[in-house]
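# What would the 3D arrangement of this be:
(4 chains)
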Protein chains: 2
Amino acid sequence: MARTKDPAVRTLLIERAGQMLRTREPITLRSLVAGTGVSTMAVYTYFGGMDGVWKALRQEGFTRLAARLATVATSADPVRDLAALGAAYVRNALDNPDLYRVMFDATFDLEDSDAADETLQRLVHVVERAKGAGRFRADVDPLELATQSWIIGHGLASLVATGPLPRQTLTNGIALLTALFTSAGDDPDRCRRSVEHGWKELPPPGLSRGRA
Amino acid sequence: MARTKDPAVRTLLIERAGQMLRTREPITLRSLVAGTGVSTMAVYTYFGGMDGVWKALRQEGFTRLAARLATVATSADPVRDLAALGAAYVRNALDNPDLYRVMFDATFDLEDSDAADETLQRLVHVVERAKGAGRFRADVDPLELATQSWIIGHGLASLVATGPLPRQTLTNGIALLTALFTSAGDDPDRCRRSVEHGWKELPPPGLSRGRA
DNA sequence: CCCTAAACCATATCAGTGCTATGTAATGTG
DNA sequence: CACATTACATAGCACTGATATGGTTTAGGG
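Sure thing, here's the model as predicted:
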């Protein structure tokens, strides 16, 4: 009946937007389409406006986060896996600080909440596995403990990747997660070893990008 | 030598900006001065531009936070006081969610970092007091533990006040802080009681503003 | 095969944004 | 009192996101 939208244009634009975010160029309607050959109107047919671009960018952020979490292999030690997920979460925020910011910037709409819930479920599942392995007490609520892990991960990621804390502060993740998992019933020494093992997923301090 | 600035204009404008933030009106150069009788140029003589307005707004946020933390009385139980500070921190974010957002929104400049450091020092001091009272092990680094408390407080405040988590999630603060302080050497039962006592500073769930 | 209806999209234009240049009025100091 | 210096009002700048309009392209039914 009519022409069909070319989905490649959509991915082209959000990819370009992501790169502009990384290079800290201001993303405006005109600067976004400049050089791509597409017209400003395309932004409206594909995204309904700049708001739609930002929303798509937020979804891209959650997609990238999910992909990063997916790289965390499942091992025989669920507590290690939990720490590894936390490390992967923080690492994703460190690698895409601006994208991470827009993810939690605007007021959450349902779409974003769903994406966030999905990553949370990933944590819940591993907590359940740890419970099954007898590492946590029977009375721990998996959703609750997963949420608490998320709070730690987000606090850390937010204050370091887009906030005032220097990068070496990230090692606090070990102490925080160890304290949390120990309070959930895990043996302190064993817990610390598991968390330290899982936290190795984090990149070395390397060239520090935080402030002194 | 010349006309002198009226400092009242400055406070008038940032107060108005704060209110516009609360009512979620977009803060633009013209809408900010509309109705105040002052001209758009006043924004430039007093703030140097809209960036200056946002910077002043951020400082206002830290000022308000410091004022809130100052209302936390010092008791004989430093662990309680620590939890009370955490609760006050979260409560401030809940009462001024948009202000809290702008505080950590833009890239941190030195001024903001100083303001943030000041609130952190408040925590460090109480941790030292707890160490002196024998509640924490001698080998805990006060700055480290204070930072970890901040990470928890910020994660909680950020995810609840300006994020996807519902308000009742705030009770997780008790478990998180108890886990942390216990791992620092405090007696588990005593710690829980202290934290629960201090956390009472938080307002009751009341009319929930989070999502279900 | 073609021809019509629908969708895509280029152009021009709009109101609104932050900001600045220019001229004027006010004021504290010498 | 005179004047240098500052505050400020006006008008205008380049830019923003958004839309109205109509031309162009494409898909699918006759």
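# give the contact list for the most centrally placed residue in chain A.
Closest residue to the average C-alpha location of chain A: residue A:65 at 4.1 Å, with CA atoms, centre = their mean. Neighbouring residues of residue A:65 by CB atoms under 8 Å, 6 or more residues apart in numbering or on different chains: A:89, A:92, A:103, A:119. Any C-beta I mention is one placed from the backbone N, CA and C, and that applies to glycine too.
# isn't the second one right next to residue A:64, touching?
Yes: proximity of residue A:92 to residue A:64 meets the contact threshold set by CB atoms under 8 Å, at 6.6 Å.
# Those two: which has the busier surroundings?
More crowded of residue A:92 and residue A:64, by other CB atoms under 10 Å in any protein chain shown: residue A:92, with 25 against 17.
# Tell me the spacing between the residue in chain A positioned nearest to chain B and residue A:196.
When scored by CB to the nearest CB, chain A has residue A:155 as its residue closest to chain B, at 2.7 Å. Applying CB to CB, to the nearest Å, the value for residue A:155 to residue A:196 is 20 Å.
# out of these two, which sits in the more crowded spot?
When residue A:155 and residue A:196 are compared for neighbours, residue A:155 comes out ahead with 27 against 15, by other CB under 10 Å.
# If you compare the directions of the helix or strand containing the more buried one and helix B:142-161, what angle comes out?
According to DSSP states H and E, residue A:155 maps onto helix A:142-161. Between the axes of helix A:142-161 and helix B:142-161, defined by axes from the mean of the first three to the mean of the last three CA atoms, to 10 degrees, the angle is 110 degrees.
# Next, the contact list for the nearest residue to residue A:96 once chain neighbours are set aside, please.
Of all residues not flanking residue A:96 in the chain, residue A:64 sits nearest, at 6.4 Å (CB to CB, 6 or more residues apart in numbering or on different chains). Going by CB under 8 Å, 6+ apart, residue A:64 touches A:92, A:96, A:99.
# isn't the second one right next to residue A:61, touching?
Going back to what we said before, that points to residue A:96. Yes: using CB under 8 Å, residue A:96 makes contact with residue A:61 at a distance of 6.8 Å.
# ok, these two, which is more surrounded?
Taking other CB under 10 Å, residue A:96 and residue A:61 do not tie; residue A:61 has more neighbours (24 against 21).
# and the more buried one, what does it touch?
A:96, A:99-100, A:102-103.
# Which strands or helices does the helix or strand where residue A:15 lies pack on?
Here residue A:15, judged by DSSP H and E, is contained in helix A:7-22. Counting contacts by 3 or more CB pairs under 8 Å, 6 or more residues apart in numbering or on different chains; DSSP states H and E, helix A:7-22 is packed against helix A:29-33, helix A:40-47, helix A:50-70, helix A:97-103.
# Show me what counts as buried in it.
A:9-10, A:12-14, A:16-18, A:20-21 (16 or more other CB atoms under 10 Å in any protein chain shown).
# now do stretch A:168-176
Buried, per 16+ other CB under 10 Å, within stretch A:168-176: A:169-170, A:172-176.
# ok, that stretch near chain B or not?
Yes: Stretch A:168-176 lies within reach of chain B by CB under 8 Å from any CB of the partner chain, at A:169, A:172, A:175-176.
# pLDDT and distance to DNA strand C added to those, as CSV?
Formatted as CSV, those follow (pLDDT from 0 to 100; distance: CB to the nearest atom of the strand, whole Å):
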residue, pLDDT, distance to DNA strand C
A:169, 96, 32
A:172, 98, 37
A:175, 98, 42
A:176, 98, 39
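# Tell me where the model's unsure across chain A.
Low-confidence segments of chain A, defined by pLDDT under 70, span residues A:1-6, A:204-212.
# How about it: which residue is closest to DNA strand D?
residue A:29 (2.9 Å; CB to the nearest atom of the strand).
# Surely that residue touches residue A:41?
No: between residue A:29 and residue A:41 there is no contact under CB under 8 Å: 10.0 Å.
# Determine which member of the two has the greater number of neighbouring residues.
Set residue A:29 next to residue A:41 and count neighbours by other CB under 10 Å: residue A:29 wins out with 14 against 10.
# Check the gap between that one and residue A:121 for me.
36 Å.
# go on, residue A:82?
Applying CB to CB, the value for residue A:82 to residue A:121 is 14 Å.
# Could you check which of these two has the larger neighbour count?
Neighbour count, other CB under 10 Å: between residue A:82 and residue A:121, residue A:82 has more, with 28 against 13.
# list the contacts for the more buried one?
With CB under 8 Å, 6+ apart, residue A:82 has these contacts: A:123, A:126-127, A:130, A:149, A:177, A:181, A:195, A:198.
# Residue A:145: neighbouring residues, count only.
Counted with other CB under 10 Å, the neighbours of residue A:145 add up to 25.
# Just give the nearest non-adjacent residue to it, would you?
Residue A:145 sits nearest to residue A:127 (CB to CB, 6+ apart), 5.0 Å away.
# which element is that neighbour on?
helix A:110-132.
# Now that helix: buried residues?
A:112, A:115-116, A:119-120, A:122-124, A:126-131.
# Out of those, give me the two with the largest separation.
A:112 and A:131 (28.8 Å; CB to CB).
# Need the phi and psi values for the residue in chain A that DNA strand C sits nearest to.
Using CB to the nearest atom of the strand, the closest approach of chain A to DNA strand C is made by residue A:39 at 1.9 Å. Phi and psi for residue A:39, reported as degrees, to the nearest 10, are phi -90, psi 170.
# Which residue is the nearest non-sequential neighbour of it?
Looking at residue A:39 with CB to CB, 6+ apart, the closest residue is residue A:33, at 6.5 Å.
# I'd like to know how far the one you found sits from residue A:151.
39 Å.
# of these two, who's got more company?
residue A:151 (28 against 18).
# So which bits of chain A are right by chain B?
Residues of chain A lying near chain B (CB under 8 Å from any CB): A:101, A:104-105, A:107-108, A:112-113, A:116-117, A:144, A:147-148, A:150-156, A:158-159, A:162-165, A:169, A:172, A:175-176, A:178-180, A:182-184, A:211.
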